[in-house]
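# Provided below for reference: sequence and predicted model.
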Amino acid sequence: MSAMLPPAGSPRRPRDELGRPLPWGAQSRLRMEDYDALPFEENQRLGIEHFNRGQYFPAHEAWESAWKQARGTPDEQFFRGLAQLGAGYTHCQRGNHHGAHTLMVRALARLRMYAPRHAGLDVDALCRAVTADAEAIRAAEAARRPLPPAHPPRL
């Protein structure tokens, strides 16, 4: 992995495997790259790599950095949508119906603007898969059932 250390003077809060903050001084169980120190293209690549491995919190963090790096460009909302997508699936892993559904719907609103393909991704297929997951989550929440298994696409 590249650039794994936090920038000088900015301590990183320790986190568990799903990105939840742990108490200061605890041993972090999550290792991530220092996305803010990496170039845009590397953050895009790492976001996809982490997402495809089911590591949605690191994917979210990589795409959040790509979003910051893309501000003012035509790609800004695309990477904001991907960051929200990573956060939505993170909430799935954490068992949070409402957070998962809300972030997936926000992600879809942004990503659909880039269909059918953008930045090497099949946006149409991505949106179909995320829509199915978001609808299943909404239905489970309304029925007060456990969170259904998500079926995130491979990117």
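Arrived safely, thanks for sending. Residues are numbered from 1 along each chain as shown.
# give me the low-pLDDT residue ranges for the protein?
1-11 (pLDDT under 70).
# contact partners for the residue most central in space within the chain?
The residue lying closest to the centre of the chain (C-alpha atoms, centre = their mean) is Gly86, at 1.4 Å. Shown in contact with Gly86 (C-beta atoms under 8 Å, 6 or more residues apart in numbering): Gly47, His50, Phe51, Tyr56, Phe57, Pro58, Ala59, His60, Glu61, Ala62, Trp63, Glu64. Placement of C-beta: from N, CA and C, glycine included.
# as a markdown table, those with distance to Arg144 and neighbour count would be great.
A markdown table is the format used below for those (distance: C-beta to C-beta, whole Å; neighbours: other C-beta atoms under 10 Å):
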| residue | distance to Arg144 | neighbour count |
| --- | --- | --- |
| Gly47 | 33 | 27 |
| His50 | 32 | 21 |
| Phe51 | 29 | 23 |
| Tyr56 | 24 | 24 |
| Phe57 | 26 | 23 |
| Pro58 | 31 | 22 |
| Ala59 | 29 | 27 |
| His60 | 27 | 24 |
| Glu61 | 32 | 26 |
| Ala62 | 34 | 29 |
| Trp63 | 32 | 30 |
| Glu64 | 32 | 21 |
